[in-house]
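sequence first, then the predicted structure:
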Amino acid sequence: MSAPSHAQVVIIGGGPAGSTAAALLARDGIDVLLLEREQFPRYHIGESLLASCLPTLRMSGAFDKVAAAGFTVKRGAMFHWGDDEWLLDWAKLVDPDAWSWQVDRARYDEILLRNAADQGVTVIEQATVRRVEFDGDRPVELEFADAGGASHRVGFDFLVDASGRAGVLARQHFDMRTENELFRNIGVWGYWRGARLLPGSPPGAINVLSRPDGWFWHIPLAGESWSVGLVVAREAFTRDRPGHDSLKDYYLKEVAAHDGLRDLLAGATFEGEVRAEQDYSYVAERFAGPGHIIIGDAAAFLDPLLSTGVHLAQYSALVGAAAIATTLSGDLDEERALGFFEYTYQRAYNRMLSLVGRMYREYIDSDDYFRRAQPLSDTDDSPAAAFTRISTGLTDLGEAGEQQPRVSSAVIEGSTKYMGGIDMAPVWDFWRDPLGTADTVMGELRLAVEPRLRIREGADS
């Protein structure tokens, strides 16, 4: 496919964030070019989707295609955390219709990328971005190499960085990505056939089983396949890994040493290779600037504990696409539109940071944990229901549609020395007013999806 010399919007990266943003913008009549470094399908971890992903799939036109893929339907989670059992049955705690999928990410991501093309996006795979050129603070052009190594230049009105861990803007250009010291963990995982869920789990649930220095995920995929992974503190991995002949040997022995997981895998067969990732938790200093936004893993990746990766990717794509469409249409000035995007995306990230961080560092028991998590939703739900609504991503979607997302004061009461002594004051300060602009920039802005995807002002707009 030939490359245009100009596009209204150029998107770097074709994962769930980039493909979703591209499809949403194209459905609004905007000229979009998407540049993807790999040739899809390609492998990716992060298989457990939150319920919040489904509305975004419907808006992007991808829902029916994903539904036809035969992925395992997920209706909740079961946590064995410390001495507690958490049964998170979405139908009972959130909504009878709350569900999502456990997916093969290679297939899921390709469906979303091909859907973007179906919506009118120009998609070029095996396109490596070499440099982005700026006019002052605003990106205006980039150079990329195609599969054959030939160079192309393309100008644009708006740039979306959805380049994942590569971080074309956040890491390579601005150098403003920092590692999250709270989650210095290693993920090690592989695939099995013929396992079973914890007794009492909702259909298709993810199982999470803790251990003193980490935890396991246990996910039922289609075709009797199971994704089983260990997330362990880097110090523990560095200490224990040298005592094993291979990464596979280390992984299998750690799995066998956990009584609960060993029972779930009794009679199951390990298949394929063992993979690992480290130092995967990071966040960019900001998520937007003149003429550009940074979404999905390009902006931040928290931790796999609550399966937030695809949620934050598609949520940021939704709000980011609304900000761009609103700016290009002239319905709202760019500063306010991007201010709304930054506010809502930062708020979603920090909410999940609060939940995950407390689970790692300050967990006492489920009643106490849910009680402390409840103010993060700012609703009248029971503590368990509030936690479940947050952990399905539905709180983020609901707040973006309000006239102005409510800012809880209860969460900042008392000590700010949480999570094993780490000072969480910046998180609580964000919860008061994330950018110091809640009154002056936000006003009564809200996300509207009908009749067109826009950021609108006022209750009746």
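Now that the structure is in, tell me what you want to look at. Numbers count the residues shown, from 1 in each chain.

what about Glu224, distance to Lys92?
Going from Glu224 to Lys92 by Cβ to Cβ, to the nearest Å gives 27 Å. Every residue, glycine included, has its C-beta placed from N, CA and C.

who has more neighbours out of the two?
Lys92 (16 against 12; other Cβ atoms under 10 Å).

where does the more buried one land on pLDDT?
Lys92 is assigned 92 on the pLDDT scale.

give me the number of residues near Ile30?
Counted with other Cβ under 10 Å, Ile30 comes out at 21.

helix, strand, or coil at the nearest residue to it once chain neighbours are set aside?
Once flanking residues are discounted, Ile30 sits nearest to Gln8: 5.2 Å by Cβ to Cβ, 6 or more residues apart in numbering. Judged by DSSP: H, G, I helix; E, B strand; the rest coil, the three-state class of Gln8 is strand.

for Gln8, list the residues it contacts.
By Cβ atoms under 8 Å, 6 or more residues apart in numbering, Gln8 lies in contact with Ile30, Asp31, Val32, Phe156, Asp157, Phe158, Leu328.

and if you look at Tyr250?
Tyr250 makes contact with Val188, Asp240, Arg241, Gly243, His244, according to Cβ under 8 Å, 6+ apart.

and it, backbone torsions?
phi -60, psi -50 (degrees, to the nearest 10).

follow-up on the earlier one: select only the buried ones of the contacts of Tyr250 in PyMOL?
Selection of buried members from these for PyMOL, criterion 16 or more other Cβ atoms under 10 Å:
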select buried, resi 188+241
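
farthest pair in the contacts of Tyr250?
Largest separation among the contacts of Tyr250 by Cβ to Cβ: Val188 and Gly243, giving 14.5 Å.

any low-confidence regions in the stretch 1-150 of the chain?
For the stretch 1-150 of the chain, the stretches with pLDDT under 70 are 1.

and Phe270, how many neighbours?
Neighbours of Phe270 (other Cβ under 10 Å): 17.

do you know how far it is from Val255?
9 Å.

likewise for Ser329?
Ser329 sits 53 Å away from Val255, going by Cβ to Cβ.

who's more crowded, these two?
Val255 (21 against 14).

what segments of the stretch 151-300 of the chain are helices?
Counting by DSSP state H, counting those that start in this stretch, the segments of the stretch 151-300 of the chain that form helices are 234-240, 247-257, 259-264.

mean pLDDT lowest for which of those helices?
helix 234-240 (a mean of 90).

mind listing what's buried along that one?
Buried residues in helix 234-240 (16+ other Cβ under 10 Å): Ala236, Phe237.

any residues touching that helix, and which ones?
The contact list for helix 234-240 (Cβ under 8 Å, 6+ apart) reads Arg184, Asn185, Ile186, Val188, Asp213, Gly214, Tyr250, Glu254, Gln278, Asp279.

let's see that with 10 Å instead.
Outside helix 234-240, the residues that touch it by Cβ atoms under 10 Å, 6 or more residues apart in numbering are 183-188, 211-214, 230-233, 250, 253-254, 276, 278-279.

just the buried subset of those residues, please.
Buried among the contacts of helix 234-240 (16+ other Cβ under 10 Å): 183, 185-188, 211, 213-214, 230-233, 250, 254, 276.

list just the nearest of those residues to Ala68.
Gly187 (30.2 Å).

my read: that closest one touches Val232, true?
Yes: using Cβ atoms under 10 Å, Gly187 is in contact with Val232, at 8.2 Å.

pull the CA atoms of stretch 111-128 into CSV?
C-alpha atoms of stretch 111-128 as CSV (Å, rounded to 0.1, in the frame of the first residue of the first chain):
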residue,chain,number,x,y,z
ILE,A,111,-9.4,-8.3,14.3
LEU,A,112,-9.2,-4.8,15.6
LEU,A,113,-6.5,-3.8,13.1
ARG,A,114,-8.4,-5.2,10.2
ASN,A,115,-11.6,-3.5,11.5
ALA,A,116,-9.8,-0.2,11.4
ALA,A,117,-9.0,-0.8,7.7
ASP,A,118,-12.7,-1.8,7.1
GLN,A,119,-13.7,1.6,8.6
GLY,A,120,-11.6,3.4,6.1
VAL,A,121,-8.2,3.7,7.8
THR,A,122,-5.1,3.5,5.7
VAL,A,123,-3.1,0.8,7.4
ILE,A,124,0.6,0.2,6.6
GLU,A,125,2.3,-2.7,8.4
GLN,A,126,6.0,-3.3,8.8
ALA,A,127,6.4,0.5,9.0
THR,A,128,9.1,1.7,11.4
